[in-house]
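1. Just to be clear, the model below is a prediction. Sequence and coordinates:
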Amino acid sequence: NYPNPFNASTKIQYSIPALSENRSRLSNSVRVVLKVFNMLGEENATLVNEEKLPGNYEIEFSASSGNSLSSARHLSSGIYYYRLQAGDFSQTKKMVLVQ
């Protein structure tokens, strides 16, 4: 994500690779879930929860509104983690909110 540390908002970029050239475009989509958690592992926001085709994506996360699919509360300064799950792939990264 950038910027990191961030104040009001940060952008999270991610890529979904093509699975196979032999598969149709529609069957190449995967379920993508991108969530934000606090240091206690409590979920603060769901940013993405949908089928996505291969490609590059970017989403802006606002610490005040959450920009989420679920209700998010205003976040305090601190360390947060975002977890990207796409098919069998899972990756967690740290971001720091400074207000």
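-> Cool, the structure landed. Numbers count the residues shown, from 1 in each chain.
2. contact partners of stretch 31-38?
-> Stretch 31-38 is contacted from outside by 12, 14, 16, 43-52, 59, 61, 66, 68, 72, 75, 78, 80-87, using Cβ atoms under 8 Å, 6 or more residues apart in numbering. For glycine as for every other residue, the C-beta is placed from the backbone atoms N, C-alpha and C.
3. Can you give me the pLDDT of the residue positioned nearest the centre of the chain?
-> Among the residues of the chain, the one closest to the centroid is residue 34, at 3.3 Å (Cα atoms, centre = their mean). Listed pLDDT for residue 34 reads 97.
4. Can you report how many residues lie near residue 30?
-> Applying other Cβ atoms under 10 Å, we find 17 residues neighbouring residue 30.
5. now the strands for the protein?
-> Secondary structure of the chain (DSSP state E): strands at 9-16, 30-37, 43-52, 55-62, 78-86, 89-97.
6. one step back: now, of the contacts of stretch 31-38, which are buried?
-> For these, a burial check counting by 16 or more other Cβ atoms under 10 Å picks out 12, 14, 16, 44-48, 52, 61, 66, 68, 72, 75, 80, 82, 84-86.
7. returning to that earlier point: take the strands of the chain and write them to TSV, including distance to residue 2.
-> Below are the strands of the chain laid out as TSV (distance: least, Cβ to Cβ, whole Å):
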stretch	distance to residue 2
strand 9-16	6
strand 30-37	15
strand 43-52	15
strand 55-62	10
strand 78-86	13
strand 89-97	10
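8. Tell me the spacing between the residue lying closest to residue 6 once chain neighbours are set aside and residue 17.
-> Nearest residue to residue 6 in three dimensions, chain neighbours excluded: residue 97, at 6.2 Å (Cβ to Cβ, 6 or more residues apart in numbering). Residue 97 sits 30 Å away from residue 17, taking Cβ to Cβ, to the nearest Å as the criterion.
9. Between the two, tell me which one has more neighbours.
-> Set side by side, residue 97 and residue 17 show more neighbours around residue 97, with 21 against 11, by other Cβ under 10 Å.
10. so who does that one touch?
-> Per Cβ under 8 Å, 6+ apart, neighbours of residue 97: 5, 6, 7, 63, 75, 76, 77, 78, 79, 80.
11. try it again with 10 Å
-> Neighbouring residues of residue 97 by Cβ atoms under 10 Å, 6 or more residues apart in numbering: 4-10, 36, 38, 61, 63, 75-80.
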